[in-house]
Each structure stands twice: as C-alpha cells, then as structure tokens.
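# Mind folding the following:
(one chain, ligands or ions: 1)
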Amino acid sequence: MEKPAICGGTPACATSLQYGKQYIDEADIRAVEEVLKSDFLTCGPRIPALEQKFCEVTGAKYVVAVSNGTAALHIACIAAGIGPGDEVITTPITFAASANCVSYCGGRPVFADIDPETYNIDPAAVEACITPKTKAVIPVHYTGQAVAYDEIAEICRKHGLILIQDAAHAVGTRYKGKPIGSLADMTCFSSHPVKTVTSGEGGIVTTNDENLYQKLLLARSHGITRDQSLMTRPTDDPWYYEMVSLGYNYRLTDMQAALLSSQLDKLPAFSGRRKEIVNRYNEAFRDVDGIIVQKEIPESDTTRHLYILQLDLDVLTCSRRQFFDAMGAENIHCQVHYIPVYRLPYYQELGYPAGLCPNAERLYERILSIPLYYSLTDEQVEEVIFAVKRLCKYFHK
Ligand SMILES: *Cc1c(COP(=O)(O)O)cnc(C)c1O
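Numbers count the residues shown, from 1 in each chain. Now for the predicted structure:
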C-alpha cells in the first residue's frame, strides 16, 4: 500500500483544502458596490429589506439584524431578561458564544451533556439540569442538524423556561418541515464567513413574539426609541428620542445587509450542494473501519454546516492529533469543533469540574471537521475520501 504523506508518501491533494470557505459571486459584489455608491452605509434601507427577506426564508414574524451572531445571542438573553442569579442550560459542544451570552448578562451557563450519536444536547440531560434558578435553555443545532426540538420545547413549556435556539450552524435546516427560525421564542443566526451564508460579520435574531421583538430592537441600538408608545414623555418634537433602557450598538451595516440579502438568494443552491457532499461522505465512510458517522434524525432536513469525522480509536493505532496531522500532510486542513466550553480556562476558573459531561468529553477527544463548503468540487470530495480511507487503513490495528 502507498504510504500516506506524513509517512513520506506523495501528497494526495493537489490543492490545499480548509474545512470551510465562503462563496462570493458577481451579484454579491454588485450588491455591496451599490450600497457604497448610495447615501446610506448604515441605518439605511438595506436593513429592513434584509429583515423582510429573512422573514420569508424562515417564516418568522419578526427579524432583527445585528452585527454578529454573538450579539444576536446577547440581545436574545437581554430580551429574555437573563440576569444575575439566573441559570441557562446549553450544550458544551459549541462555540464559547453560546455560553458567553449568558455570562454577559450576569447569569450562569449550565452545561447539559450531549447524545453520543447525534452530538446534539440530550433532552433528558436538559431536564436533569433544571433547578428553581433555571430561566432559559439555549440548544445549539450542532453541525446544522436540528436538535430534538419537540422534546426540548415540551420541557421548556412544562417548567416555564424561555427557549432560545443557537442556529449559527442551521440556516436552511427544517425540523418536521418547518424552517429553523420559525420555531422557539427566539432563534439566533450568524453570517460569519465559515457559515452557510455570509456577510463577513453579521447576525440575526428571529421571533414570533412582538414583545420580545421590541426588546430586541432596543437592545440592538442603545435602548433608544423614537416610538411614541414606548416613551415616558411623548412629544411630537421631530428631534426627540428617549433612551429607555441600557442598550448597545450592535447594528449591521448596509453593506453587510446587502451582501447577506444577495447570499440568501443562493441559499437553496448552497444547501443543495452541502447535502450532496454530506450524502457522498456518509456513503463513503459508513463502512470504513475506524470512522463513526454522525447519526441523522429523520425529523431534521439538514443543511449541514460542518462534517464531523469521529475516529473509532478502539480500532486505530493513532491518536486524533496524529490523524489530524496526517490529514494536514495530505493538504487537507481540518479543525476541531469544539473543545467543551466548560474546559476553557475562563470557565474552569469559575469552578466547572473536568468530567462534567462525559459524552461531550469523549466526543471531543475523537473528532475532526473535514472540508465542507459550496465550492468544494466532486474531485476534491473524492480526494478527501481517499485520504481518510488510506489513513484508516494505515493506522488500523
Ligand atoms: C459562529 C457561532 C457563533 C457566533 O457567531 P459570530 O457571528 O461569530 O459571533 C455562535 N454559536 C455558534 C454555535 C457558532 O458556530
């Protein structure tokens, strides 16, 4: 057998592949250029236009565009009224922002373990974490696959908890036929360049609740309102506004809004291509000794953001690090999503014990994310598959 590159063989991939990459076309560039030549770089007409389009894409009643996905999560926590003494349950297998948004508000993130097969938060673990202090749950649609939404929504209803979805991975995903963004009290999206649609930086919150919507608008822009019905001293002085709460400047620019609108036109194509690649990977890896394929639930029609390779370390002689490095030597630059959030030093210092969520820690030791993005060619997909299969053979016990 030919040796993998790390062992002195020839590199499998002609080009260097990353795990994710944006796709920008001429329509995107024109959309941004038009804004640059217009009168409004921010607070202009592209913002409501984007919000309207996002309503149509997700079926949500109200949409608030913000500067990034972390800001989206932060204002969702503000609108939910999270404050000191409150606990909010989330998953450890996520980006730090899913927990940080709670910490920003003075609340305490509580980590519920994952299902070892879907890698999403386990509803039974959520229920076991509930205390009298619990105020909200923030499940993450990890890799884009919907969480067990009905089960989690029922737990929230039963215990009077607010449900905020972190859908940074899940634009385009449907749960039981309904688009992510149309369900839950609030849903937060990100348009960072590695995500399915991008505006460089950008975030969106969706809700169907008018009261939450008003709070989100205030939190986005300094707590300032020009809406007379929200004022303490309504007047018709044209310059008059009131700051009625402490908000932030989390506004998106019109350049970003125009770019995101243009990207949303391509969402069906992006989604379709991602599904094709995922199906090909699943088919190729299902019977590879050494690889465990992420379980798919039938309720989720998934637009996948990440493709996770779980190594079966029981049958391989290598560590995850050795496999990761060997992929790199084949010019396939993987990533690991994610270090369990409570293992990060900031949270360790707050006293979260190691071993808190055993399924999450076990998964973290075994995973890497391989290339998945719209412009990945069939040939490149085959190169990735070839490299993975070859390494599994090479490192097989
Ligand atoms: C990307 C991401 C975020 C944060 O989004 P930004 O736009 O980068 O602030 C939050 N949660 C998850 C799960 C993410 O992947």
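# Pull up the residues of the chain that are close to the ligand.
Counting by CB under 6 Å from any ligand atom, the residues of the chain close to the ligand are 68-70, 94-95, 97-98, 140, 166, 168-169, 190, 192, 203. The way it works is simple: take the backbone N, C-alpha and C, and place the C-beta from them, glycine included.
# And for whatever residue of the stretch 201-350 of the chain ends up closest to the ligand, nearest residue in space, chain neighbours not counted?
Nearest residue of the stretch 201-350 of the chain to the ligand (CB to the nearest ligand atom) works out as Gly203 at 5.3 Å. Spatial nearest neighbour of Gly203, excluding adjacent residues (CB to CB, 6 or more residues apart in numbering): Ala72 at 3.5 Å.
# Next up, the contacts around that neighbour.
64, 66, 188-190, 203-205 (CB atoms under 8 Å, 6 or more residues apart in numbering).
# Now the protein against the ligand: closest residue?
For the chain, CB to the nearest ligand atom, closest residue to the ligand: Gly69, 2.5 Å.
# Which secondary structure state is assigned to the residue nearest to Gly203?
State at Ala72, reduced to three classes by DSSP: H, G, I helix; E, B strand; the rest coil: helix.
# Mind giving me the ChimeraX command for buried ones among the contacts of Ala72?
Here is the ChimeraX selection string for the buried members of those, based on 16 or more other CB atoms under 10 Å:
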select :64,66,188,189,190,203,204,205
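# any chance of the contacts of Ala72 in CSV, plus pLDDT and secondary structure?
CSV is the format used below for the contacts of Ala72 (pLDDT from 0 to 100; DSSP: H, G, I helix; E, B strand; the rest coil):
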residue, pLDDT, secondary structure
Val64, 98, strand
Val66, 98, strand
Cys188, 98, strand
Phe189, 98, strand
Ser190, 98, strand
Gly203, 98, strand
Ile204, 98, strand
Val205, 98, strand
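# before we move on, the earlier item: distance of the residue nearest to Gly203 relative to Ser38?
Distance, Ala72 to Ser38, using CB to CB, to the nearest Å: 25 Å.
# And the helices in the stretch 151-300 of the chain, which stretches?
Assigned by DSSP state H, counting those that start in this stretch, the helices in the stretch 151-300 of the chain fall at 210-220, 254-265, 267-285.
# Need the winner for burial among the ones you listed.
Of all the helices of the stretch 151-300 of the chain, helix 254-265 has the most neighbours on average by mean count of other CB atoms under 10 Å, namely a mean of 24.
# How about residues contacting that helix?
27-28, 30-32, 34-36, 38, 40-47, 49-50, 53-54, 57, 65, 191, 197-202, 252, 270.
# Same check on stretch 280-296?
Contacts for stretch 280-296 (CB under 8 Å, 6+ apart): 117-119, 143, 145, 302, 307-312, 315-316, 366, 370, 372, 378, 381, 384-385, 388-389, 392, 395-396.
# mind listing what the residue nearest to Arg274 when sequence neighbours are not counted touches?
Distances taken as CB to CB, 6+ apart place Arg304 nearest to Arg274, at 5.2 Å, with adjacent residues excluded. Shown in contact with Arg304 (CB under 8 Å, 6+ apart): 143-145, 274-275, 278, 372.
# Recalculate using a threshold of 6 Å.
143-144, 274, 278 (CB atoms under 6 Å, 6 or more residues apart in numbering).
# go on, His396?
No contacts exist for His396 under CB under 6 Å, 6+ apart.
# State the distance from it to Arg286.
On the measure of CB to CB, His396 and Arg286 end up 17 Å apart.
# And for Gln322?
23 Å.
# for Val381, same thing?
For Val381 relative to Arg286 (CB to CB), the value is 15 Å.
# And the two? Which one has more around it.
A direct count of neighbours by other CB atoms under 10 Å for Val381 and Arg286 places Val381 higher, at 19 against 10.
# Show me what the strand or helix carrying that one is packed up against.
Per DSSP states H and E, Val381 falls inside helix 378-394. Here helix 378-394 touches helix 267-285, going by 3 or more CB pairs under 6 Å, 6 or more residues apart in numbering; DSSP states H and E.
# can you give me how far the helix it packs on is from the chain middle?
18 Å (CA atoms, centre = their mean, to the nearest Å).
# show me what contacts Leu309?
By CB under 6 Å, 6+ apart, the neighbours of Leu309 are 291, 368, 370.
# let's see it at 8 Å
So Leu309 contacts 285, 291, 334, 367-370, 388 (CB under 8 Å, 6+ apart).
# got it, and Leu391?
Under the criterion of CB under 8 Å, 6+ apart, the neighbours of Leu391 are 4, 318, 323, 326-327, 330.
# Without its sequence neighbours, what residue ends up closest to Leu313?
Per CB to CB, 6+ apart, closest to Leu313 is Arg366, 5.9 Å.
# Tell me if I'm right that that neighbour and Ile308 touch.
No - with contact defined as CB atoms under 8 Å, Arg366 does not count as touching Ile308 (9.5 Å).
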